[in-house]
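Q: 3D, please:
(chains A and B)
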Amino acid sequence: MRAMMDGVLNGRTAARPLGLARIGIALAILLELRGSADALFRLADPRFIRTPYVDWAPSVTEPLAWVLTLLWAVAGVSFLVGWWTRPAGSVLTATLASVLFLDQQLYSNHLYLMTLAAALLTVADSGAALSLDAMRHGTRASVPAWAPWLLKVQVSIVYAFAALSKVNLTFLSGSVVASYLRRDGLLAVPAEWRAVEPMMVLAILAICLEAFLAIGLWLPRWRPAAFVAGLALHIGITGWLSPTFAIGIFSLLMLSLFLLFLEVEPKRVVVWDDSCGFCAGWVRWFRRLDWLHALEFVPASSLPRDDLPVSADEAAVALQLVTPRRVRAGFGAVTGVAELLPVSFLWAPLLRLAPIRWLGERTYARVAARRLCALPAAS
Amino acid sequence: MSEPSPRRRLLTVLVGAFLIVQVGVPVVALFGPRPARFGWHMYSALPPLPEVSIVHADGTEEPVDLGTFFAVQRAEIDYADAVRRRLCETSDATEILIRTDTAGVESVPCGP
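A: This is a model prediction of the structure:
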């Protein structure tokens, strides 16, 4: 425990996942603006009752609503692109906190989470990479580990207490799930499906999923399953519960924070057959999508290398992925690469499942045998 | 073993304080009504939105549509306090009745 806390307080962590998480969270914050601005301007209307937390809280007036809305928009965009990231993050955090605490009617769980995330991303130096600041002053590969660690802890706190708060008779009866299920649109759940038994199963499943996410994201063995479970949970609640837009924003917020759980160091090595144009095409796409710089690409023509347990012959047969624990080849290597790309890390663990893996391996072998290696490799 | 630097001490305090607040507040909220603010009680219960009515001086009761008085309706809001302030001031009500499934009928008398 002491060693872990030493690592958290003194250690450093990769900057790029944090930068990408900042972009996702800033996007969620900007998407939330319309709903919160609408509530702010309604509250500025004297026809509506104000419900401040304390009597001395300032009244929500139209000029104040405009100021907060503009600050939210400007600081949000600046934070998104990483231009003056820390000042923008500070203004954004202060604005979100002001909106959150001005009136009880402005509270929402995702606004609260946004405020915490913006604050932690600001102190975490999330503009160190993938930002205009990084383009102007140079990218830093790492940042202090403590604030990203707190963001990860916050993710677990949200899921853990969401699960614990659902352990009550009302929720377990399935009535809460049934009442929030979509009633119209393409994904509407027919009334006859809202019977007690299926709703109880859904309720228990929701609690189990949230409890699993609170713990599983921290365990390397279970993390891939947690990514898939998290994606399934958020697609499920966004698709089938209402209000869709607000839940979609919450999902974007949470899934952006999942990036912080990805282990991108040490870099995994992709060994590929550079005599083959087909392989080069795939590697070119992997490079483009490797936004976290988690991969190092080594052409087979540069082998043998003392630090790589892969021969040129092996690389000529199939793509090789060298990780600290093992070497994966062929479809397994493609799966391993996909598990490190931000566009696919949430669903790529599904490629490990037996039926998909068998199909993938057969397809990979067939394609590898028929690939057009006569084509010149792209540099 | 060397003494930790003042910066490290400050960081330890900050991280510790964050964890205590972020864990402590939801723990306390677990023992209160659901949903509670800052407790991460998303979709954990059916929000008991109240039905409010005004009792006029002549004893007649008039239901109030909360949607016309509140910008946003949330289960965590202290409606009794809010409607007491507003409805007593802006109507000839002698009493406000707030009905919820959980707490029954709450009577809020108007006047000094």
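Q: Can I take it that A:Arg328 is in a helix?
A: No: according to DSSP: H, G, I helix; E, B strand; the rest coil, the state of A:Arg328 is strand, so it is not within a helix.
Q: Write out the residues of chain B neighbouring chain A.
A: Residues of chain B lying close to chain A (C-beta under 8 Å from any C-beta of the partner chain) are B:8, B:11-12, B:15, B:18-19, B:22-23, B:26, B:29-30, B:34-35, B:37-46, B:68-74, B:76-78, B:81-83, B:85-86. Placement of C-beta: from N, CA and C, glycine included.
Q: so what's A:Thr122 up against?
A: With contact set as C-beta atoms under 8 Å, 6 or more residues apart in numbering or on different chains, A:Thr122 has these partners: A:85-86, A:89-90, A:92-93.
Q: which one among the residues you listed gets closest to A:His234?
A: A:Leu92 (23.4 Å; C-beta to C-beta).
Q: So for that closest one, what's the nearest residue that isn't a sequence neighbour?
A: The shortest distance from A:Leu92 to any residue other than its chain neighbours is 3.9 Å, reached at A:Ala75 (C-beta to C-beta, 6 or more residues apart in numbering or on different chains).
Q: quick revisit: ok, of the residues of chain B next to chain A, which come out buried?
A: For those, a burial check counting by 16 or more other C-beta atoms under 10 Å in any protein chain shown picks out B:11, B:15, B:18, B:22, B:26, B:29-30, B:34-35, B:37-46, B:69-72, B:74, B:76-77, B:82-83, B:86.
Q: Buried residues of stretch A:329-348, list them for me.
A: Of the residues in stretch A:329-348, those buried by neighbour count under the rule 16+ other C-beta under 10 Å are A:329-342, A:344-346, A:348.
Q: Oh, that last question was meant for stretch A:168-175, not what I typed.
A: Within stretch A:168-175, the residues scored as buried using 16+ other C-beta under 10 Å are A:171-172, A:174-175.
Q: Out of the residues you listed, give me the two with the largest separation.
A: In terms of C-beta to C-beta, those reach their longest pairwise distance at A:Leu172 and A:Ser175, which sit 9.3 Å apart.
Q: what does the helix or strand bottoming out on mean pLDDT in chain B contact?
A: Comparing every helix and strand of chain B by mean pLDDT, DSSP states H and E singles out helix B:79-90 as the least confident one, with a mean of 76. By C-beta under 8 Å, 6+ apart, the residues outside helix B:79-90 that reach it are A:49-51, B:50, B:52, B:54, B:64, B:66, B:69-70, B:93, B:96, B:98, B:106, B:108, B:110-111.
Q: if we can go back for a sec, just give me the closest of the buried residues of stretch A:168-175 to chain B.
A: Looking at the buried residues of stretch A:168-175 and their distance to chain B, the nearest is A:Phe171, at 5.7 Å (C-beta to the nearest C-beta).
Q: Can you tell me the element the closest one falls in?
A: Here A:Phe171 is covered by helix A:169-172, with elements defined by DSSP states H and E.
Q: ok, and does the following helix or strand past that helix reach over to chain B?
A: Per DSSP H and E, the first helix or strand lying C-terminal to helix A:169-172 is helix A:175-180. Yes: shown here: helix A:175-180 in contact with chain B (C-beta under 8 Å from any C-beta) through A:175-177, A:179-180.
Q: now for helix A:175-180, which elements pack on it?
A: With contacts taken as 3 or more C-beta pairs under 8 Å, 6 or more residues apart in numbering or on different chains; DSSP states H and E, helix A:175-180 sits against helix A:196-216.
Q: in the helix it packs on, what counts as buried?
A: By neighbour count with 16+ other C-beta under 10 Å, helix A:196-216 contains the buried residues A:199-200, A:202-204, A:206-207, A:209-214, A:216.
Q: Let's have these in CSV, adding pLDDT and distance to chain B.
A: As requested, the buried residues of helix A:196-216 are exported to CSV (pLDDT from 0 to 100; distance: C-beta to the nearest C-beta, whole Å):
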residue, pLDDT, distance to chain B
A:Met199, 93, 13
A:Met200, 94, 15
A:Leu202, 94, 11
A:Ala203, 95, 10
A:Ile204, 96, 14
A:Ala206, 96, 8
A:Ile207, 97, 10
A:Leu209, 97, 13
A:Glu210, 97, 9
A:Ala211, 98, 13
A:Phe212, 98, 16
A:Leu213, 98, 12
A:Ala214, 98, 11
A:Gly216, 98, 18
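Q: Now distance to A:Ala318 too, for the residues you listed, in JSON lines please.
A: Listed next are those as JSON lines, based on distance: C-beta to C-beta, whole Å:
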{"residue": "A:Met199", "distance to A:Ala318": "47"}
{"residue": "A:Met200", "distance to A:Ala318": "47"}
{"residue": "A:Leu202", "distance to A:Ala318": "42"}
{"residue": "A:Ala203", "distance to A:Ala318": "45"}
{"residue": "A:Ile204", "distance to A:Ala318": "43"}
{"residue": "A:Ala206", "distance to A:Ala318": "41"}
{"residue": "A:Ile207", "distance to A:Ala318": "42"}
{"residue": "A:Leu209", "distance to A:Ala318": "35"}
{"residue": "A:Glu210", "distance to A:Ala318": "39"}
{"residue": "A:Ala211", "distance to A:Ala318": "39"}
{"residue": "A:Phe212", "distance to A:Ala318": "34"}
{"residue": "A:Leu213", "distance to A:Ala318": "34"}
{"residue": "A:Ala214", "distance to A:Ala318": "38"}
{"residue": "A:Gly216", "distance to A:Ala318": "31"}
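Q: Tell me the one of those residues nearest A:Ile237?
A: Where the buried residues of helix A:196-216 are concerned, and distances follow C-beta to C-beta, A:Ile237 has its nearest neighbour in A:Ala206, at 8.3 Å.
Q: C-terminal to the top helix by length along chain B, what's the next element?
A: Determined from DSSP state H, the single longest helix within chain B is helix B:6-30. Past helix B:6-30, heading to the C-terminal end, the next element that is a helix or strand (DSSP H and E) is strand B:51-55.
Q: List the neighbouring strands of that next one plus their orientation.
A: In the sheet containing strand B:51-55, the strands it pairs with under DSSP bridges are strand B:61-64 (antiparallel), strand B:95-100 (antiparallel).
Q: Please list all residues in contact with A:Asp133.
A: Neighbouring residues of A:Asp133 by C-beta under 8 Å, 6+ apart: A:82-85, A:127.
Q: did I read that right, it in a strand?
A: No: the assignment for A:Asp133 by three-state DSSP gives helix, which leaves it out of any strand.
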